[in-house]
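Participant: build the 3D model from these lines:
(one chain, ligands or ions: 1)
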Amino acid sequence: MINKKNMFTNLRKQFLNRMFIHQHYFEICHKFFLKKDIKDLFENGYSVYNKKFPLENIDLNKYLNYSDYDFVVDRKKIENVDLKKIYTALIDLGVISMIKNYLGKKIYVYDNSILTLGNKNSYSESMQPHHDSKYRRVKIYIWLNDKNLKTHPLYYLKRTHKQIKLWHKYDETRFPNLDQKKFDAIYGEKGSIIFFDTHGIHSHFKTTNVPRSVMELSFESFGFLNRLNKRNIKNEINRLNLIDLDEIIFLGNKN
Ligand SMILES: [Fe+2]
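Facilitator: Coordinates of the predicted model:
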């Protein structure tokens, strides 16, 4: 007998995947006048912005101060006073409007952390190739270190953001057998702004032990075909402490 719940979950996921029609629609509409950085995001699933983030205006030392790096990953929430400065800078740089060109007009942002990789290796969880199981979503990494090929890059498997994916459980979102050589290894410079669609397959085993840090912000679109929609937005606002970028309401992080 067909399990009705599974059937419903499958149908819902396939329906949600139709949001990729949006992606193609946006891509075709913008094809002729898009700048290179957003074209890359549409076509490959990631891009490096043509301008650097003005890091000198924000005091990040408090997030980067470690007595040791004996860990794989550590995250520190960015304080609201700094978040305001960061979003103001991102608006001025045109980053927010670029994300809106990609995701649609209504977007929310969350995560808002400084992500530091320590000196330990890892072959599990977020250090396995995976997609984020959130459908259309863009993460930006603002690189906080000088370029160093001995640090762990952002690995990205080009064009996988356009694939329709189905999954039932966590294991089905991980792809530990994919060859690392097939991935692009993206290393930022200090202030580089790297965009990537987290529906594409990204990340790979961490085999380097030189620490590095990025500012990490996640942007997600809102609408009836999207994961975030009218039905769940109240719960998600509480769960993720979303910032509504249409009105620039700084709900911010729970510090
Ligand atoms: Fe991820």
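
Participant: ranges for the strands of the stretch 151-255 of the chain?
Facilitator: Taking DSSP state E, counting those that start in this stretch, the strands of the stretch 151-255 of the chain run over residues 154-156, 184-186, 193-197, 212-221, 243-244.

Participant: how distant is the helix or strand hosting Y102 from the center of its chain?
Facilitator: Element membership of Y102, judged by DSSP states H and E, is helix 95-103. How far helix 95-103 lies from its chain's middle: 13 Å, per Cα atoms, centre = their mean, to the nearest Å.

Participant: helices or strands up against it?
Facilitator: Judged by 3 or more Cβ pairs under 8 Å, 6 or more residues apart in numbering; DSSP states H and E, helix 95-103 is in contact with helix 19-30, helix 36-44, helix 80-93, strand 137-143, strand 193-197, strand 212-221. Where C-beta positions appear, they are placed from N, C-alpha and C, glycine not excepted.

Participant: sorry, back to before: and L60, which of the strands of the stretch 151-255 of the chain is closest to it?
Facilitator: strand 212-221 (7.8 Å; Cβ to Cβ).

Participant: mind listing what's buried along the closest one?
Facilitator: Neighbour counts over strand 212-221 (16 or more other Cβ atoms under 10 Å) mark 212-221 as buried.

Participant: how about the CA coordinates for the helix holding Y102, as PDB?
Facilitator: Taking C-alpha atoms only, helix 95-103 is exported to PDB below (Å, rounded to 0.1, in the frame of the first residue of the first chain):
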ATOM      1  CA  VAL A  95      24.500  43.500  -3.000                       C
ATOM      2  CA  ILE A  96      21.000  43.500  -1.700                       C
ATOM      3  CA  SER A  97      19.500  44.500  -5.100                       C
ATOM      4  CA  MET A  98      21.600  41.800  -6.800                       C
ATOM      5  CA  ILE A  99      20.200  39.200  -4.500                       C
ATOM      6  CA  LYS A 100      16.700  40.500  -5.200                       C
ATOM      7  CA  ASN A 101      17.300  40.100  -8.900                       C
ATOM      8  CA  TYR A 102      18.100  36.500  -8.200                       C
ATOM      9  CA  LEU A 103      15.600  35.500  -5.600                       C
END
